[in-house]
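Trainee: When you get a sec, could you give me coordinates for this:
(one chain, ligands or ions: 1)
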Amino acid sequence: RTARFTLDPAFTVGEVNPRLFGSFVEHLGRCVYTGIFEPGHPTADADGLRQDVLDLVRELGVTAVRYPGGNFVSGYRWEDSVGPVQDRPRRLDLAWRSTETNRFGLSEYIAFLRKIGPRAEPMMAVNLGTRGVAEALELQEYANHPSGTALSDLRAEHGDKDPFGIRLWCLGNEMDGPWQTGHKTAEEYGRLAAETARAMRQIDPGVELVACGSSSRSMETFAEWEATVLKETYDLVDHISLHAYYEPHDADVDSFLASAVDMESFIESVVATCDHVGARLKSEKRIDLSFDEWNVWYMSRSQAEVAALDWPEAPRILEDSYSVTDAVVLGSLLIALLRHADRVTVACLAQLVNVIAPIMTEPGGPAWRQTTFFPFAQASKYGRGEVLDVRVDSPTYGTKKYGEADLLHATAVRAEDGTVTVFAVNRGRTEPLPLEVALGGLALTSVVEHSVLSDADPDARNTLAEPERVAPHAAGGTTLDDGRLSAVLEPLSWNVIRLA
Ligand code: AHR
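Mentor: Numbers count the residues shown, from 1 in each chain. As a prediction, the model looks like this:
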């Protein structure tokens with residue numbers, strides 16, 4: 001059976017915020033050390049930043065880069081990470097049972113962002129685990145105040161005369177999780193987040209603040225946590241965070257392929273919770289969603305790896321290698337985010353390099369693209385503009401977790417110049433899926449490109465030994481005639497169809 005939908009410019013979801021293509025750099029494993037930063041590497045520049053990695057980060061098209069954690073931030077002492085490198089202390093990182101050298105810190109992070117280019121933006125988290133209002137304010141003053149105060153002058157003394165201009169701030173990380181250093185109840189966190197937000201706005205009313213939502217939808221406190229936190233912070237914050245990671249459980253690949261069903265319903269539940277609190281407060285204000293950690297993560301493997309650590313520096317942990325199947329799921333998660341672009345205005349693929357990442361590196365050696373690199377890079381490149389409302393009429397397949405799920409998952413984005421890109425996933429593992437799209441009100445006449453990521457071996461991946469094994473290829477036979485797009489989506493595939 002054929003999957004179908006209609007695109008009409010009169011029916012839209014909303015404008016894509018470029019921050020939807022954010023990423024995340026945490027002091028965790030080799031994300032920073034030997035990932036983005038490796039003095040002595042053949043491609044390292046004067047700041048110790050790997051140029052080969054920077055090139056891939058630019059190609060990936062990331063925007064907001066969240067930093068420095070993650071769980072790491074809940075023990076973070078920002079002042080350890082600034083000033084002369086030789087004076088920076090070595091500290092225990094409780095979150096990842098590692099030793100933090102502080103060789104890379106705040107100034108190096110900003111230098112990294114500036115080198116990515118103008119599209120990159122800082123997204124800085126403050127520590128609300130072991131610390132509180134005072135330290136958040138000190139960090140904000142050090143980072144953003146132009147000059148003439150102790151901390152802004154200290155920044156200049158450290159070599160950064162220009163303020164960092166950080167607008168987007170996370171008020172802690174996953175404070176609902178019992179694993180979080182300084183874990184809090186919703187009431188405790190809500191009060192602390194509110195007072196931190198109030199004070200940060202006293203320094204600069206223009207900051208944009210993200211309150212911690214639940215660390216996963218499966219938390220027992222989910223939704224109640226968001227409601228309680230927002231009751232305290234509604235007028236003081238702009239976003240609430242969502243985190244979700246997906247992996248196949250019990251080899252159930254069919255459910256794994258439908259992970260976006262869960263992600264979409266998670267988003268809709270958080271929107272409903274935000275709007276419920278808004279209604280109770282009789283507020284006109286709308287809280288947006290910051291999906292600031294999302295990815296495929298074989299988390300069950302990582303737990304044992306971390307538990308076995310004995311305080312090493314930059315250990316090889318959470319270094320998932322991604323297959324074609326994983327890339328198709330990741331593409332579908334991107335589609336889910338785009339389909340909710342009216343409310344999800346920030347999203348961060350966790351993480352950027354080596355740690356559950358689209359980019360891998362070898363110390364002293366090469367950097368390469370994982371399979372998951374491709375859907376992200378293509379969505380960031382072509383998913384800019386207005387999301388069109390896509391209601392699919394699709395054949396379905398049975399899943400253990402989500403019941404009958406659509407074989408087709410899709411969205412479409414119309415760019416300013418009127419061109420349209422359809423992003424589509426065929427979740428079916430064995431059969432091609434014919435697709436028909438009615439383009440009625442859109443003045444489109446040609447197929448510019450149909451790019452597909454699929455492979456005869458769904459487990460194929462890019463590795464150090466074979467870094468270019470998997471890449472998107474051109475699909476044949478896609479046509480646009482009389483306002484009707486016809487394509488065939490290969491089994492288990494991520495598709496980008498560009499129309500002009
Ligand atoms: O991204 C890895 C970890 O996952 C983060 O540190 C934490 O916030 C989440 O649990």
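Trainee: mind saving the C-alpha coords of stretch 426-446 as CSV?
Mentor: C-alpha atoms of stretch 426-446 as CSV (Å, rounded to 0.1, in the frame of the first residue of the first chain):
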residue,chain,number,x,y,z
ASN,A,426,10.4,4.2,6.1
ARG,A,427,10.3,2.2,9.3
GLY,A,428,9.6,-1.0,7.5
ARG,A,429,12.6,-3.4,7.6
THR,A,430,11.8,-5.5,4.5
GLU,A,431,9.6,-3.7,2.0
PRO,A,432,10.0,-0.5,0.0
LEU,A,433,7.3,2.0,0.7
PRO,A,434,5.7,3.9,-2.2
LEU,A,435,5.0,7.6,-1.3
GLU,A,436,2.6,10.1,-3.0
VAL,A,437,2.5,13.7,-1.9
ALA,A,438,-0.1,16.1,-3.2
LEU,A,439,1.6,19.6,-3.5
GLY,A,440,-1.6,21.4,-4.4
GLY,A,441,-1.0,25.0,-3.3
LEU,A,442,2.8,25.0,-3.7
ALA,A,443,4.4,26.2,-6.9
LEU,A,444,6.9,23.4,-7.2
THR,A,445,7.9,21.9,-10.5
SER,A,446,11.0,19.8,-10.0
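Trainee: Off-centre distance for it?
Mentor: 27 Å (CA atoms, centre = their mean, to the nearest Å).
Trainee: May I see the buried residues of it?
Mentor: For stretch 426-446, the neighbour count (16 or more other CB atoms under 10 Å) marks 426-428, 433-435, 437, 439, 442, 444 as buried. In this view, the C-beta of every residue, glycine as well, is placed from N, C-alpha and C.
Trainee: can you redo those residues as JSON lines with distance to Gly483 and pLDDT?
Mentor: JSON lines is the format used below for these (distance: CB to CB, whole Å; pLDDT from 0 to 100):
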{"residue": "Asn426", "distance to Gly483": "23", "pLDDT": "98"}
{"residue": "Arg427", "distance to Gly483": "27", "pLDDT": "98"}
{"residue": "Gly428", "distance to Gly483": "27", "pLDDT": "98"}
{"residue": "Leu433", "distance to Gly483": "21", "pLDDT": "98"}
{"residue": "Pro434", "distance to Gly483": "18", "pLDDT": "98"}
{"residue": "Leu435", "distance to Gly483": "15", "pLDDT": "98"}
{"residue": "Val437", "distance to Gly483": "9", "pLDDT": "98"}
{"residue": "Leu439", "distance to Gly483": "5", "pLDDT": "96"}
{"residue": "Leu442", "distance to Gly483": "8", "pLDDT": "94"}
{"residue": "Leu444", "distance to Gly483": "8", "pLDDT": "96"}
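Trainee: What is the burial count for Ala304?
Mentor: A count of nearby residues for Ala304, using other CB atoms under 10 Å, gives 8.
Trainee: how much space between the residue in the stretch 201-350 of the chain positioned nearest to the ligand and Glu404?
Mentor: Ranked by CB to the nearest ligand atom, the top residue of the stretch 201-350 of the chain for proximity to the ligand is Ala350, at 4.1 Å. Distance of Ala350 to Glu404, given as CB to CB, to the nearest Å: 30 Å.
Trainee: can you tell me how far the closest residue to the ligand within the chain sits from Trp225?
Mentor: Nearest residue of the chain to the ligand: Gly70, at 2.8 Å (CB to the nearest ligand atom). In this structure, Gly70 and Trp225 are 19 Å apart, going by CB to CB.
Trainee: got it, and Ser380?
Mentor: Between Ser380 and Trp225 the distance is 31 Å, computed by CB to CB.
Trainee: Alright, that wraps it up for me.
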